[in-house]
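**Q** let me see the structure of the following:
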Amino acid sequence: MSIKIYSQQEKQELRNITKQARKISCAEIADNVYGLTLYRSKTSNRYLKCYEHPSLQFDLQKNQVFYNAKTTHGMGPYDFMAFYENISLMQAREKLNEYYAERDPRHLQLYYYNRTNDEVYIHQGMTLPSKDETMQDTIRSYLHKFNIHDEIIDSMIMGSNIYQATNKNLVVVGFDEMEKPAFSVIYSTDPDNPYKVECQGSFTKLGLLKTNAKENKLVICDSPINAMAYLSLHPEDDVLSSIDKEHLLETIEYNFNSDERINKHYKNVIFALGNTEQDKDLIKRIIENDKANERYKSLISVASELDTDRTIKEYIRDTSGIGIIDAKYDVEYKDMKELLAEAQKQNNALQSIMESAKEMEEQEL
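**A** Down below sits the predicted model:
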């Protein structure tokens, strides 16, 4: 029996996949993997029963499966798969991770429990929040904080890539190859409660791809906010954004490996991620990806990184002092005052240098 020795890169990729696969609904696995028929329990909407196996009960709120009424400890996705197929947890992990890698929510039966309304929503593909039909002033003000220009905001609204939900949150939408909405992320516009969450049924790997008629360069970002900020400075470029750094590799894999998704032959592919060691390591893993096909290799062969000097000059603006592409930036950052203070400090230092240079120039004259 051979023993598998994982490299550091393989271990990190396995952890990332396992972390995401664990979030898959047990009800989704029962329906789409095993073809079981689920229906609402009479006791509560959060529970589902199974026609084929009446002893099984699915708790949608906890995402657990109970074998019978006497069971005190529920089974998670891996446990349920191991139990149902009578296989080891290691085998179940491999099978569920493989399912996650091939998972496309556009073609799956999905289950979502709304605790507030005590209601189960069964749907295929993505469900988007209701749109606020009034003026989009709240999201416009929110995006201005990140130096996103009105021209880009208007263009994104006209292209249905962003809109204001009825609860005033910002909704960002990405479209698939059939021009149908399939990726979406919600940003809270409430400064006292900042968060970012993906919509139910969103196809994470798709990301946000914004292209122009001209064939210039493709810029890769790690969030839709950063992508819009970059477009504010260079609206002629194309951008591809993942929901976050954790999902960037799989987003690039999906888009670069598909002629239907990206059919341009770019002369330049630029990573606009930041300049930390973690960012450099991520870029290296993307470039050396062993899952790349010829299309992927062709695109990644012209890749380069946005350097630190250019990042400071272009992304820290003296209008608001917010660094758009910055290692400290996170939409879930709890203390925005500290973030703003740090960015303002960097901006003041840059301004001081510019003033000193101007004084020296005047003295020479």
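
**Q** what distance do you get for Tyr111 to Arg46?
**A** Distance, Tyr111 to Arg46, using C-beta to C-beta, to the nearest Å: 11 Å. Every residue, glycine included, has its C-beta placed from N, CA and C.

**Q** shaky segments in the stretch 201-350 of the chain?
**A** Along the stretch 201-350 of the chain, the model assigns pLDDT under 70 to residues 215, 306-350.

**Q** hey, where'd the strands end up in it?
**A** 208-210, 218-221, 238-241, 269-271, 303-305 (DSSP state E, counting those that start in this stretch).

**Q** now do the stretch 1-150 of the chain
**A** Taking DSSP E, counting those that start in this stretch to define them, one finds strands in the stretch 1-150 of the chain at 38-40, 47-50, 57-59, 64-66, 109-114, 119-124.

**Q** turn those into JSON lines, columns for mean neighbour count and distance to Thr18.
**A** What follows is the strands of the stretch 1-150 of the chain, written out as JSON lines (neighbours: other C-beta atoms under 10 Å; distance: least, C-beta to C-beta, whole Å):
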{"stretch": "strand 38-40", "mean neighbour count": "15", "distance to Thr18": "25"}
{"stretch": "strand 47-50", "mean neighbour count": "20", "distance to Thr18": "25"}
{"stretch": "strand 57-59", "mean neighbour count": "22", "distance to Thr18": "21"}
{"stretch": "strand 64-66", "mean neighbour count": "20", "distance to Thr18": "17"}
{"stretch": "strand 109-114", "mean neighbour count": "18", "distance to Thr18": "21"}
{"stretch": "strand 119-124", "mean neighbour count": "14", "distance to Thr18": "26"}
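
**Q** make JSON lines from those and add mean pLDDT and distance to Asn255 to it.
**A** As requested, the strands of the stretch 1-150 of the chain are arranged in JSON lines below (pLDDT from 0 to 100; distance: least, C-beta to C-beta, whole Å):
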{"stretch": "strand 38-40", "mean pLDDT": "93", "distance to Asn255": "33"}
{"stretch": "strand 47-50", "mean pLDDT": "94", "distance to Asn255": "35"}
{"stretch": "strand 57-59", "mean pLDDT": "94", "distance to Asn255": "34"}
{"stretch": "strand 64-66", "mean pLDDT": "94", "distance to Asn255": "34"}
{"stretch": "strand 109-114", "mean pLDDT": "89", "distance to Asn255": "23"}
{"stretch": "strand 119-124", "mean pLDDT": "86", "distance to Asn255": "23"}
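
**Q** between these, which gets nearest to Cys199?
**A** When those are compared by C-beta to C-beta, strand 109-114 sits nearest Cys199, at 10.3 Å.

**Q** what packs against the closest one?
**A** helix 26-32, strand 119-124 (3 or more C-beta pairs under 8 Å, 6 or more residues apart in numbering; DSSP states H and E).

**Q** could you dump the strands of the stretch 201-350 of the chain to CSV with mean neighbour count and distance to His149?
**A** Listed next are these as CSV, based on neighbours: other C-beta under 10 Å; distance: least, C-beta to C-beta, whole Å:
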stretch, mean neighbour count, distance to His149
strand 208-210, 23, 14
strand 218-221, 25, 16
strand 238-241, 24, 14
strand 269-271, 21, 20
strand 303-305, 15, 25
